[in-house]
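1. Fold the following.
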Amino acid sequence: MARKYILKRTALVEEHKPTVDESSFKINYREELNPAQYEAVSAVEGSYLIIAGAGSGKTRTLVYRVARLTELGYDPTSILLLTFTRKAAKEMMDRAAILLDNRCSKINGGTFHSFANIVLRKYAKAVNLDNGFTILDQADSEDVINLIRGQLNLSQHKKRFPNKATIFKVLSFSANTERKVEDILEEEYPHFAEYTDKILEIQKIYTSYKRKNNLLDYDDLLIFLRNFLLELGPAAKSFLSTIKFVMVDEYQDTNKLQAEIIQGLAQINQNVMVVGDDSQSIYSFRGANFKNIMEFPKLFKNVKIITLEENYRSTQEILNFSNHIIEFAEEKYPKHLFTKKNGGELPGIISAANENMQSRFIVERILELREEGVPLNDISILFRSSFHSFNLEIELNKANIPYVKFGGMKFIETAHVKDILAFLRISANPVDYVSWYRVLLLHEGIGPKKAQMIMDEIAANNLSINNNPETAISKKYNERIFSLFNLLHQMHTKNQTPAEKTDLAFNYYEPLFKEKYDDWNKRKKDLEIFLNLADNYRSLDSFLSDMALEPPHDSVTDIEAEDKEKERLTLSTIHSAKGLEWHTVFILHAIEGFFPSAQSVDKIESLEEERRLMYVASTRAKQNLYVCYPMQIFDRHQGITFAKPSRFIDGVADEMAEQWLLEE
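-> Numbers count the residues shown, from 1 in each chain. Next comes the predicted model:
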């Protein structure tokens with residue numbers, strides 16, 4: 001007779017949740033935060049959208065939440081914080097560690113790309129990758145496309161064929177926005193639409209070229225990570241079980257791929273908090289999707305929205321002006337910035353007769369502020385496009401006012417730094433043909449054809465840096481090729497630190513470098529900095545990954561050319577100024593056709609983004625805000641024409657801004 005076993009009904013066993021006893025906390029969260037910040041910080045499980053108005057203490061809120069989750073007893077390594085720059089991630093982790101203790105530095109923090117790099121190397125098998133893949137930066141990707149373009153003989157067309165940068169831009173935009181290449185061409189580049197088939201062919205070859213040679217570009221990092229998470233295989237399940245909380249900074253800047261990655265990361269534990277400001281979504285040209293933040297409540301269950309409106313940066317007068325600009329936005333989360341700061345002046349709307357008078361006013365006002373004790377470092381001039389400041393730069397130079405302009409060449413994009421990187425990349429990945437092409441062309445007597453021939457030999461395994469060149473290089477190659485293979489053989493086979501490898505490459509490269517650049521003396525400083533950077537690493541792979549993912553920004557050549565004084569005025573595009581603040585801000589060229597730009601007025605989405613740009617610019621100011629415009633501008637087709645003030649400042653009430661009319 002079968003034995004009977006009676007099942008008892010039992011309550012479901014809940015996962016142990018730490019009980020909240022705030023009296024035992026090291027930090028008094030209620031006292032140190034305002035009510036909205038406290039609500040966000042004390043949120044534990046569930047989905048949260050934090051709408052953080054400009055200057056409302058967004059970073060502080062994230063830092064305190066990391067500390068509070070740690071105090072609640074959650075494992076810091078189960079907290080993931082994704083940001084757009086590594087500097088932001090590091091700053092938040094450092095601040096949390098200072099605030100609480102060193103446990104906070106153990107959280108997983110980084111950019112989407114650096115996080116993808118770590119995960120994909122760890123779970124390479126699960127996504128059919130070799131974990132020794134090389135990361136292509138934008139310039140490398142463009143070089144690969146140029147190689148393919150050359151092989152397909154596309155420059156032979158009677159009509160102009162798009163260059164490598166444009167082709168890459170289209171392919172990358174397609175990857176990040178998940179829109180078809182043909183649609184992007186039709187909408188953004190109708191003059192190249194006839195080449196759609198050729199560009200799709202390049203895309204196909206480019207993709208297979210990367211796979212074959214173990215290369216990933218920036219977009220691939222996100223695509224592979226997204227696929228790994230959403231396919232939810234055993235490896236992904238195991239990985240996701242280690243992540244309890246997902247936190248995302250600057251959510252308004254995410255693209256479609258990144259939004260899908262966040263959904264993938266939160267699919268098991270479903271604890272996700274994104275922080276952002278819809279009114280500061282200004283990067284659609286990079287593929288950022290304004291809809292991500294607007295539709296977040298539809299993507300996750302029971303989303304709670306918390307709005308941070310208390311501003312700690314600007315005077316109420318500047319906030320009233322900024323609130324007014326964004327009030328007319330078509331689609332937004334309602335918010336009204338306020339402050340407890342007193343004693344501000346009304347923003348000034350400055351109308352100048354012409355562009356030069358606008359420039360002279362700014363120069364004079366800067367000199368007056370300097371006399372009043374406002375340092376140059378705390379003054380900024382912001383503009384919609386880089387060329388808007390050319391006239392002003394002439395006037396600043398005349399007045400001997402030192403300035404730094406954002407939007408110049410980045411350190412890692414300089415040709416000589418890319419040259420030395422190419423040697424290191426070949427030593428790490430002997431079939432990195434982009435780097436081979438670059439290195440071969442440095443040598444006198446080797447042009448594109450000869451370089452391609454040598455690369456074909458490498459591909460056929462007739463030439464390899466694995467073998468000793470003494471035995472492997474035949475007489476048909478000259479002394480220079482022998483020396484190059486000898487160097488790369490040593491770099492590839494010897495167990496050396498990144499600094500030692502860089503030193504070897506540098507010694508070989510130096511005579512080529514002096515032949516190639518007239519100003520090698522100036523450029524040499526960049527290479528010395530590069531050598532110092534290499535010295536901070538023990539592994540070549542991590543050095544190359546960091547150089548591709550988080551390169552240092554400034555070129556010393558640019559910095560050295562500046563005045564030796566430390567104190568400098570900032571000139572910047574608004575896109576480069578986001579997240580920064582100054583005592584006094586001047587906004588240039590607030591006229592129709594310039595700001596908003598002429599290209600944006602046909603589409604409501606573009607025009608709305610221009611409005612958000614004006615909002616971002618005005619909320620950078622702490623104490624003084626001057627919005628300037630010339631009443632006449634020079635147009636090379638029409639000569640001197642009358643300008644119309646920007647629709648964003650036209651008709652602003654007198655109690656919100658003071659109108660200034662400049663006179664000689």
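2. Select the longest strand from this structure.
-> Counting by DSSP state E, the longest strand found in the chain is strand 621-630.
3. Mind giving me the packing neighbours of that strand?
-> Judged by 3 or more C-beta pairs under 8 Å, 6 or more residues apart in numbering; DSSP states H and E, strand 621-630 is in contact with helix 316-327, strand 348-352, helix 355-371, strand 582-587. For glycine as for every other residue, the C-beta is placed from the backbone atoms N, C-alpha and C.
4. residues in contact with the longest one?
-> Outside of helix 355-371, the residues within contact range by C-beta atoms under 8 Å, 6 or more residues apart in numbering are 350, 352, 376, 379, 381, 391-392, 394-396, 398-399, 401, 569, 583-584, 586, 588-589, 624, 626, 628-630, 633-634, 662, 664.
5. Give me the buried entries from these.
-> Buried subset of those (neighbour count, 16 or more other C-beta atoms under 10 Å): 350, 352, 376, 379, 381, 391-392, 395-396, 401, 569, 584, 586, 588-589, 624, 626, 628-630, 633, 662.
6. Now the helix or strand hosting Leu120: buried residues?
-> Using DSSP states H and E, Leu120 sits within helix 112-122. For helix 112-122, burial by neighbour count (16+ other C-beta under 10 Å) applies to 112-117, 119-121.
7. Adding distance to Lys418 and pLDDT, write those out as TSV.
-> Listed next are the buried residues of helix 112-122 as TSV, based on distance: C-beta to C-beta, whole Å; pLDDT from 0 to 100:
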residue	distance to Lys418	pLDDT
Phe112	24	93
His113	19	93
Ser114	20	91
Phe115	25	94
Ala116	23	95
Asn117	20	94
Val119	27	95
Leu120	24	95
Arg121	24	93
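8. what's the following helix or strand after the top helix by length along the chain?
-> Longest helix of the chain, by residue count under DSSP state H: helix 498-516. Per DSSP H and E, the first helix or strand lying C-terminal to helix 498-516 is helix 520-534.
9. Could I get the average pLDDT for the helix or strand following that next one?
-> Following helix 520-534 in sequence order, the next helix or strand is helix 540-549 (DSSP H and E). Averaged across helix 540-549, pLDDT comes to 83.
10. what's the most buried one of the helices and strands packed on strand 621-630?
-> Mean neighbour count (mean count of other C-beta atoms under 10 Å) peaks for strand 582-587 among those, with a mean of 24.
11. mind checking how far the closest residue to Ser241 other than its chain neighbours is from Phe290?
-> Here the nearest residue to Ser241 in space, its sequence neighbours aside, is Ile268; by C-beta to C-beta, 6 or more residues apart in numbering that works out to 6.6 Å. From Ile268 over to Phe290 the distance is 28 Å, taken as C-beta to C-beta, to the nearest Å.
12. And for Glu201?
-> Using C-beta to C-beta, Glu201 is found at 33 Å from Phe290.
13. Repeat that for Ser386.
-> As judged by C-beta to C-beta, Ser386 and Phe290 stand 24 Å apart.
14. So these two - more neighbours on which side?
-> Using other C-beta atoms under 10 Å as the criterion, Ser386 and Phe290 rank with Phe290 on top: 19 against 16.
15. What does the pLDDT read for the residue nearest to the more buried one when sequence neighbours are not counted?
-> Leaving aside its chain neighbours, Phe290 sits nearest to Ser281 (4.5 Å; criterion: C-beta to C-beta, 6+ apart). Looking at Ser281, its pLDDT is 92.
16. My guess is Ser281 contacts Ile293. True?
-> Yes: Ser281 is within contact range of Ile293, at 6.6 Å (criterion: C-beta atoms under 8 Å).
17. quick revisit: packing partners for the longest helix of the chain?
-> On a contact count with 3+ C-beta pairs under 8 Å, 6+ apart, helix 498-516 meets helix 415-428, helix 479-493, helix 520-534, helix 540-549.
18. Now that helix: buried residues?
-> The neighbour-count check on helix 498-516 (16+ other C-beta under 10 Å) flags 498-499, 501-502, 504-506, 508-509, 512-513 as buried.
19. on that earlier part again, can you tell me which of the buried residues of helix 112-122 lies closest to Phe321?
-> Phe112 (34.0 Å; C-beta to C-beta).
20. Contact partners for Ile79?
-> Ile79 makes contact with 66, 69-70, 107-108, 244-245, 247, according to C-beta under 8 Å, 6+ apart.
21. For it, give its distance to Thr70.
-> Separation of Ile79 from Thr70 (C-beta to C-beta): 8 Å.
22. what do you get for Ala54?
-> From Ala54 to Thr70 the distance is 28 Å (C-beta to C-beta).
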